[in-house]
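>>> A predicted structure for the sequence below; I have some questions about it.
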Amino acid sequence: MKVRVRYAPSPTGHLHIGNARTALFNYLFARKHNGAFIVRIEDTDVARNVETGIESQMAYLKWLGLDWDESIDQDGGYGPYQQLERLDLYKKYANELLERGLAYKCYCTPKELESERDEMKARGDDKLHYSRKCLGAPEQDKPYTIRFKVPEDTSYTFNDLVKDEVTFRSEDIGDWVLMKQNGIPTYNFACAIDDYLMEISHVLRGEDHITNTPKQMMIFDAFKWRYPHYGHMTLIVNENNKKLSKRDASIIQFIDQYKALGYLPEAMFNFIALLGWSPEQEEEIFDHETLVKNFDENRLSTSPAKFDKDKLSYINNRYIKARSLDETIALCKPFLDEKSIGNDKSDAWFESLIEVFKDRLSYGKQIVDLYEDFFNQSFELVGEPLEFIKQEGVRNLIESFKTHIENQEKLTADTYKELIKISGKETGMKGKMLFMPIRISVSAAMHGPDLPKMMHLMGKALVIERLNKTLSVI
């Protein structure tokens with residue numbers, strides 16, 4: 001059996017992290033098994049579709065590094081790949097079910113259905129299933145839906161790739177709508193028809209879809225089709241182990257937002273792949289090819305996948321560190337330009353800026369915060385840094401260093417490095433007692449970026465200004 005899997009987004013909004021994970025796992029599964037990865041557009045929820053929804057979904061899948069074998073832009077012989085272009089197919093199969101007595105027309109209005117449910121609730125019924133009052137009703141000249149007649153006393157069991165054996169009972173599922181009054185199919189009906197006609201071998205999706213599975217199996221049974229293999233990935237939860245909600249403002253949840261912040265697509269690909277799947281080895285950094293090679297559906301987690309923001313920052317930082325200086329400048333410069341930072345600076349200044357902060361970057365836009373924290377914070381010597389520079393010999397060291405700087409016309413990172421050594425020899429200071437006082441006297445901090453590069457980035461005037469402030473308090 002040839003592996004054929006599908007990612008089937010609705011064009012109702014931007015690409016969410018949860019949907020991106022579904023797409024990614026289907027993609028990895030297909031590539032690992034030399035199968036086909038299909039992107040199918042499920043656009044039957046007309047009221048919620050947005051104008052640019054399809055283009056946005058496709059664009060950000062490509063940005064993440066996913067390519068597909070079949071879709072609306074790449075016909076593989078199983079199209080159309082957009083459900084609104086397949087309405088005649090759904091109508092054909094719905095009519096066949098009607099003719100065979102496996103479905104029936106329901107003439108109930110929404111108001112009547114609501115009233116029926118209210119009565120069931122008032123009686124305390126534990127199952128709010130449709131009463132079947134239209135089953136066997138004569139033909140009427142009024143709008144109707146088509147309902148599937150759920151078989152009685154039937155079990156629907158499947159061996160889930162993640163959850164092992166799962167069983168649903170037909171008595172827990174009421175007669176459900178196949179076709180709406182407007183001729184548009186419901187999700188479960190269209191999904192089952194498409195999965196069969198497109199020869200989908202495996203359906204990998206989030207566990208919130210697991211209750212849809214028995215309804216889709218009913219359609220396969222009705223036509224005596226063979227089921228695909230189902231696999232339902234566990235939920236993604238936040239750091240409080242709560243289901244990830246689109247209203248959860250503590251986590252950025254849409255792929256376009258990560259792109260806008262300067263996250264790298266290869267890092268996002270890597271991070272998302274670890275949301276509910278674990279490799280055999282402990283390493284967490286995998287390039288695209290290695291993830292395809294190592295992916296094993298048997299290692300999909302049975303526990304909820306925790307969205308770890310620190311892990312994402314770590315992974316993206318690792319990818320940024322691996323980039324060349326020029327690539328990192330290209331990543332960061334648009335964010336600096338947006339804030340008019342460095343408009344009057346040379347290319348060498350930008351190189352120094354990125355060299356100083358590159359190892360601390362978790363995403364591109366963070367360069368603005370690092371810059372502003374460094375240059376615009378108030379220079380205040382307090383606490384442990386102040387106590388450290390009050391030690392004997394520090395004042396002489398700082399005065400020596402300041403004098404050498406004032407006597408230099410051109411200062412580079414290498415020049416600053418050499419002047420530190422010279423001042424150390426003149427004052428007998430070395431090691432921690434050489435470098436730490438100078439760092440504190442120009443940054444008010446005991447730790448930070450490479451010291452000579454940092455001072456070169458600050459510029460001579462600011463370095464001298466801070467050395468003078470330091471001397472005034474010790």
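Received the coordinates, thanks.
>>> Strands of this protein, start to end?
4-7, 36-39, 103-106, 145-148, 155-160, 164-169, 177-179, 202-206, 229-233, 236-237, 305-306 (DSSP state E).
>>> now for the second one, which elements pack on it?
In terms of contacts (3 or more C-beta pairs under 8 Å, 6 or more residues apart in numbering; DSSP states H and E), strand 36-39 is packed against strand 4-7, helix 17-32. All C-beta atoms are positioned from the backbone trio N, CA, C, and that covers glycine.
>>> Please apply the same query to the first one.
Strand 4-7 makes packing contacts with helix 17-32, strand 36-39, strand 202-206 when contacts are defined by 3+ C-beta pairs under 8 Å, 6+ apart.
>>> which other residues reach the last one?
Surrounding strand 202-206, the residues in contact under the criterion C-beta atoms under 8 Å, 6 or more residues apart in numbering are 3-6, 18, 21-22, 25-26, 29, 161, 195, 228-233, 235, 297.
>>> Return the alpha-carbon coordinates of it using CSV.
Written as CSV, here are the backbone C-alpha positions of strand 202-206 (Å, rounded to 0.1, in the frame of the first residue of the first chain):
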residue,chain,number,x,y,z
HIS,A,202,-3.3,7.2,6.9
VAL,A,203,-5.1,10.0,8.7
LEU,A,204,-2.9,11.8,11.2
ARG,A,205,-4.6,14.6,13.1
GLY,A,206,-5.1,16.1,16.5
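>>> Go ahead and measure how far that strand is from the middle of the chain.
Its chain's C-alpha centre lies 18 Å from the corresponding centre of strand 202-206 when counted by C-alpha atoms, centre = their mean, to the nearest Å.
>>> ok, now the second one?
When C-alpha coordinates are averaged (C-alpha atoms, centre = their mean), strand 36-39 and its chain have centres 20 Å apart.
>>> and the helices and strands packed on strand 4-7 as a markdown table, adding mean neighbour count, mean pLDDT and distance to Leu97?
A markdown table is the format used below for the helices and strands packed on strand 4-7 (neighbours: other C-beta atoms under 10 Å; pLDDT from 0 to 100; distance: least, C-beta to C-beta, whole Å):
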| stretch | mean neighbour count | mean pLDDT | distance to Leu97 |
| --- | --- | --- | --- |
| helix 17-32 | 23 | 97 | 29 |
| strand 36-39 | 23 | 98 | 25 |
| strand 202-206 | 22 | 97 | 21 |
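>>> Of all those, which one is nearest Asn343?
Ranking the helices and strands packed on strand 4-7 by proximity to Asn343 (C-beta to C-beta) places helix 17-32 first, at 35.3 Å.
>>> helices and strands around the closest one, which ones?
For helix 17-32, the contact count by 3+ C-beta pairs under 8 Å, 6+ apart identifies strand 4-7, strand 36-39, helix 53-64, strand 202-206, strand 229-233, strand 236-237, helix 265-273, helix 288-294 as packing neighbours.
>>> Burial check on the nearest residue to Ser352 once chain neighbours are set aside, number of neighbours?
If the residues on either side of it in the chain are set aside, Ser352 comes closest to Leu457, at 4.6 Å by C-beta to C-beta, 6 or more residues apart in numbering. Using other C-beta atoms under 10 Å, Leu457 is surrounded by 25 other residues.
>>> and Leu457, what does it touch?
Contact partners of Leu457, counting by C-beta under 8 Å, 6+ apart, are Trp349, Ser352, Leu353, Val356.
>>> and those, which of them are in helices?
Trp349, Ser352, Leu353, Val356 (DSSP state H).
>>> So the first one is in contact with Ile341, correct?
This means Trp349. No: under the criterion of C-beta atoms under 8 Å, Trp349 is not in contact with Ile341, lying 10.4 Å apart.
>>> rewinding a little: kindly reformat the helices and strands packed on strand 36-39 as a markdown table containing distance to Ile422.
Compiled in a markdown table, those are given as follows (distance: least, C-beta to C-beta, whole Å):
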| stretch | distance to Ile422 |
| --- | --- |
| strand 4-7 | 63 |
| helix 17-32 | 54 |
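>>> what's the neighbour count on Val293?
Actually, residue 293 is Lys. It isn't Val. 12.
>>> Quick check: the gap between it and Ser250.
34 Å (C-beta to C-beta, to the nearest Å).
>>> Kindly report the same for Gly276.
With C-beta to C-beta as the criterion, Gly276 and Ser250 are 20 Å apart.
>>> Check what pLDDT the residue sitting furthest away from the middle of the chain gets.
In terms of distance from the mean C-alpha position of the chain, Glu426 ranks first, at 55.5 Å (C-alpha atoms, centre = their mean). Among the per-residue scores, Glu426 holds a pLDDT of 95.
>>> which residues does it contact?
Residues in contact with Glu426 (C-beta under 8 Å, 6+ apart) are Ser400.
>>> Equivalent analysis for Gly393, please.
Taking C-beta under 8 Å, 6+ apart, we find Gly393 in contact with Thr427, Gly428, Met429, Met433.
>>> Hmm, the first one is touching Ser400, no?
So the one you mean is Thr427. Yes: if you go by C-beta under 8 Å, Thr427 and Ser400 touch, sitting 5.5 Å apart.
>>> follow-up on the earlier one: are any of the contacts of Gly393 buried, and if so which?
Thr427, Met429, Met433 (16 or more other C-beta atoms under 10 Å).
>>> any idea how far Met446 is from the first one?
Pointing back at Thr427 there. 20 Å.
>>> mind putting the helices and strands packed on strand 4-7 in JSON lines, distance to Phe375 included?
Listed next are those as JSON lines, based on distance: least, C-beta to C-beta, whole Å:
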{"stretch": "helix 17-32", "distance to Phe375": "34"}
{"stretch": "strand 36-39", "distance to Phe375": "46"}
{"stretch": "strand 202-206", "distance to Phe375": "45"}
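>>> Ok, which of those comes nearest Leu61?
In this view, the helices and strands packed on strand 4-7 are compared for proximity to Leu61 by C-beta to C-beta, and helix 17-32 is the closest at 5.9 Å.
>>> Give me the angle between that closest one and helix 53-64.
60 degrees (axes from the mean of the first three to the mean of the last three C-alpha atoms, to 10 degrees).
>>> Now find how far off-centre helix 17-32 is within its chain.
Averaged C-alpha coordinates place helix 17-32 at 12 Å from its chain's average position (C-alpha atoms, centre = their mean).
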